[in-house]
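**Student:** Got a predicted structure here, sequence first:
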Amino acid sequence: QAPIKAACEDMSCKTGFPEDVHSAVVSRSVHGGQPLLNVGFRSCDGNKKIHFGSSEPGDFRVGEDGVVYAERSFQLSAEPTEFVVSAQDKETQQEWQMRVKLTPEPALTGASEKDQRKIEEIIFPWQQYKHSSPLKRQKRDWVIPPINLPENSKGPFPQELVRIRSDRDKSLSLRYSVTGPGADQPPTGIFIINPISGQLSVTKPLDREQIASFHLRAHAVDVNGNQVENPIDIVINVIDMNDNRPEFLHQVWNGTVPEGSKPGTYVMTVTAIDADDPNAQNGMLRYRILSQAPSSPSPNMFTINNETGDIITVAAGLDREKVQQYTLIIQATDMEGNPTYGLSNTATAVIAVTDVNDNPPEFTAMTFYGEVPENRMDVIVANLTVTDKDQPHTPAWNAMYRLTGGDPTGRFSILTDPNSNDGLVTVVKPIDFETNRMFVLTVAAENQVPLAKGIQHPPQSTATVSITVIDVNESPYFVPNPKLVRQEEGLMAGSMLTTFTAQDPDRYMQQTSLRYSKLSDPANWLKIDPINGQITTTAVLDRESIYVQNNMYNATFLASDNGIPPMSGTGTLQIYLLDINDNAPQVHPKEATTCETLQPNAINITAVDPDIDPNAGPFAFELPDTPASIKRNWTIVRISGDHAQLSLRIRFLEAGIYDVPIVITDSGNPHASSTSLLKVKVCQCDLNGDCTDVDRIVGAGLGTGAIIAILLCIIILLILVLMFVVWMKRRDKERQAKQLLIDPEDDVRDNILKYDEEGGGEEDQDYDLSQLQQPDTVEPDAIKPVGIRRLDERPIHAEPQYPVRSAAPHPGDIGDFINEGLKAADNDPTAPPYDSLLVFDYEGSGSTAGSLSSLNSSSSGGEQDYDYLNDWGPRFKKLADMYGGGDD
């Protein structure tokens, strides 16, 4: 910066580029990040912040120091490459520009090419010593040009590339080595170096599509491993060969173009890629269309940009109604489309011609006809059909219908059927035949979207719809409806009330007069004349009736004609009844309770009158003169217009029930009065004024019917309990009788059971000895002492405890025999394991038990006396019958 500062001090210093056009010669192959030149921008003020830019930022980049770098790797063409470098002051926004022209180095020919084939020699940077200074200064490193090596080389291998040498190898014995990817790092072994001569070689063919360049570092050390020279960087670029065919991203490309598009309309873009270097001819692709199907209306309807792959239209006449789709065969060729040396591939482009609204809807007829009965709504009276050549079910095909005349009152609307595209003329308001007998509508049809520009057809089609209204028999109607009549109540039966008639709207139909009938009369007070509609009463009108609500009584009548079909209409007659004083007031409540003493003994009563003002309150209350005991015992005082208070006049009145007549008079004109009986229950009271005797319960409202109902419930409950007790006793007797009636032969507890198969002996059988015990007389089982039980005895559960057998007149029992045998077996140490009553191992000849045939009664038992079996009870009755009782 010293020269720059010195120049700034001079008045002639000028900030900017030194020249307007800067020319430089660079190698033909440029690699990304490679420094190319320095623009040499000069600033008179060193503090200014200058920002550099390039007109081709995708290819060249300018650093803050003014050095121009290649942004990517590419091949310079034979023609000079030009671009503009700009510099801008960030503070003042002042800007300077300079044009840069890059010229590639000339190609080597003849002897120069032979010299190039010689193995190059790379010498490590050397060091020099200044004699005038004891300090050592190292020479600045130079940039070693990269080594270019073509891919897919056929060898022979190893192939020598370059020789690395240090100028100190004359005085020292040096060893050379290289490091980096491709040498000692993956992928290893691609490059090797002779450690003595420094000869760098490649061992196998390279593939640029896998690794485009290798960055190695060369080292020189002495025999002791000490570094002699600084490492130098070696860049080996793999030169691309055309060994890859273009490949389309998709084999089939789909695009669309509107029909009627003008030439030059963009359709779609197809893209192919080539694995070769895209900056070299090997990766530069060119596109072209091989064929078009169909070829109408022209065989060249489309063209393609040979560099970008953009497909555009080149001819007019695209009509979807004629050709809906085109199929193009696209070819991509590398080597800039050279058909001789380039590799190519093909793909298919399918272009669909989309529909535009170039055909308006057209009615299939000029006039449509329909008819509709009068007073009908939401009915379709006519179908309007149109044709449209555009694609169905698209906005360009869908029709919209619009009424343009003939319906000033808006009684019709037209909806579109989404499936058929027909117009449905619908009635939305009732039509009266007597007013309108026919409608002539004008309808227009158009599409949902407007017609495309340049279409000569009119945008809409019009038609006429003639609709005839059919006369039908209509219902008669009452006028007015409802009809209000004001009448005083009490009108006697047979009186004429009013006339309620209806009208028939069918003026053009020949019909007889209407007939009237009664449809609803809740109180059955009225009748109507079927001819003239005169209404008369059949009972007295009573405003206080339950059928009158808010002084209003409603009745409904029916008017019918004799048309085909017969029709009828209803009308409501509302009778507003005016009140008269036809009801006398009554006392409320009808019963009351008071104490037999003077204090406290007041009873509050209320007068109730169904009439309304002025025929109701205020009321007058008084006691009658007869009988004389009423006024002697009681007194009444009015406390308000509707309320009075009855109390005892004497100090004490005996407990009981008294009927007290009370005369109540209303305020009507004339007055209406009545004598009402008040049932007063006089009882003994406590200090609080509450009844304390039985009469209080009766007075509380527990009547005779309630008492009878309670008594009936109690009687029914007692009968149910008695029936249950009787049933339980009867059940016990049946159970006892059933036990006595059991046949001893059917009792399995004292019978020998016969089994078809004996099994493996009694060791594997468990017997429940309780089956051999009599249910009513069993004796407790002897609990074996611990010292007597054998160790080899099978441990089962604890033996059951039987109750002590009661003394009976039967001296013998098979249970005693079995128990004694069981005790003997328990006390016998020589018995086999697992206790059993008897174990029969073998019954061969010589058995001491003898033969079972000795039990034969005819041979061996004839001389014995078995009469004692009769004394052993019912269980041995069978044996007693067989052996006892004499010779029979």
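**Tutor:** Received the coordinates, thanks. Computed from a predicted model, the values in this text were never measured in an experiment.

**Student:** Does residue 869 touch residue 878 like I think?
**Tutor:** No: the criterion here is C-beta atoms under 8 Å, and residue 869 misses it with residue 878 at 9.1 Å. All C-beta atoms are positioned from the backbone trio N, CA, C, and that covers glycine.

**Student:** and these two? which has more neighbours close in?
**Tutor:** Per other C-beta atoms under 10 Å, whichever of residue 869 and residue 878 has more neighbours is residue 869, with 20 against 15.

**Student:** And the pLDDT for that one?
**Tutor:** We have a pLDDT of 76 for residue 869.

**Student:** try residue 412
**Tutor:** 92.

**Student:** Would you check how far apart it and residue 405 are?
**Tutor:** Distance of residue 412 to residue 405, computed by C-beta to C-beta, to the nearest Å: 11 Å.

**Student:** Give me the common contacts of those two.
**Tutor:** Jointly contacting residue 412 and residue 405 under the rule C-beta atoms under 8 Å, 6 or more residues apart in numbering are residue 441.

**Student:** With neighbour numbers in mind, choose between these two.
**Tutor:** Ranked by neighbour count (other C-beta under 10 Å), residue 412 and residue 405 place residue 412 first, with 23 against 12.

**Student:** That one bridge partners, please.
**Tutor:** As for beta bridges, residue 412 partners with residue 427 under DSSP bridges.

**Student:** residue contacts, it?
**Tutor:** For residue 412, counting by C-beta under 8 Å, 6+ apart, the contacting residues are 381, 403, 425-428, 439, 441, 467.

**Student:** For ChimeraX, what selects the buried ones among these?
**Tutor:** Isolation of the buried members of those (16 or more other C-beta atoms under 10 Å) is achieved in ChimeraX through the command below:
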select :381,403,425,426,427,439,441,467
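
**Student:** From residue 310, how far out is the closest residue to residue 315 other than its chain neighbours?
**Tutor:** What sits nearest to residue 315 in space, not counting adjacent residues and going by C-beta to C-beta, 6 or more residues apart in numbering, is residue 298, at 4.6 Å. Note on residue 298: its distance to residue 310, by C-beta to C-beta, is 19 Å.

**Student:** List the contacts of the spatially most central residue of the chain.
**Tutor:** Central residue of the chain (C-alpha atoms, centre = their mean): residue 418, 29.8 Å from the mean position. Contact partners of residue 418, counting by C-beta under 8 Å, 6+ apart, are 393, 398.

**Student:** give me the element it is part of.
**Tutor:** Counting by DSSP states H and E, there is no helix or strand that carries residue 418.

**Student:** Just read off the phi/psi values of it.
**Tutor:** Taking degrees, to the nearest 10, you get phi -70, psi -20 for the backbone angles of residue 418.

**Student:** So residue 298 is in contact with residue 313, correct?
**Tutor:** No: distance between residue 298 and residue 313: 10.3 Å, which falls outside the contact criterion (C-beta under 8 Å).

**Student:** Which one's more surrounded, the two?
**Tutor:** A direct count of neighbours by other C-beta under 10 Å for residue 298 and residue 313 places residue 313 higher, at 19 against 13.

**Student:** and this protein, what are its domains?
**Tutor:** Each domain of the chain is listed here as a residue range: 21-104, 147-239, 247-354, 362-470, 477-578, 586-683, per the TED database.

**Student:** For the ones you listed, please prepare a markdown table with the additional fields distance to residue 713.
**Tutor:** Rendered in a markdown table, the data for the domains of the chain read as follows (distance: least, C-beta to C-beta, whole Å):
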| stretch | distance to residue 713 |
| --- | --- |
| domain 21-104 | 110 |
| domain 147-239 | 107 |
| domain 247-354 | 92 |
| domain 362-470 | 65 |
| domain 477-578 | 36 |
| domain 586-683 | 26 |
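
**Student:** out of the ones you listed, which comes closest to residue 825?
**Tutor:** Set against residue 825 and scored by C-beta to C-beta, these come closest in domain 586-683, at 90.5 Å.

**Student:** tell me the mean pLDDT for the closest one?
**Tutor:** Across domain 586-683, the per-residue pLDDT values average to 82.

**Student:** what does stretch 150-168 give?
**Tutor:** On average, stretch 150-168 scores 87.

**Student:** residues in contact with it?
**Tutor:** With contacts defined as C-beta under 8 Å, 6+ apart, stretch 150-168 is touched by 119-124, 126, 147, 149, 174, 176, 178, 191-193, 197-209, 218, 220, 228-229, 232, 234, 236, 238-241, 243.

**Student:** and with 6 Å instead?
**Tutor:** 119-124, 126, 147, 174, 176, 198-208, 218, 220, 228-229, 238-239, 241, 243 (C-beta atoms under 6 Å, 6 or more residues apart in numbering).

**Student:** now the helices for this structure?
**Tutor:** Remark: helices assigned in the chain by DSSP state H are 2-9, 111-117, 628-633, 694-699, 704-740, 814-827, 877-883.

**Student:** centre of the chain versus the last one, how much separation?
**Tutor:** The chain centroid and the centroid of helix 877-883 are separated by 88 Å, computed with C-alpha atoms, centre = their mean, to the nearest Å.

**Student:** how about that helix: buried residues?
**Tutor:** Within helix 877-883, the residues that qualify as buried are 880, 883, counting by 16+ other C-beta under 10 Å.
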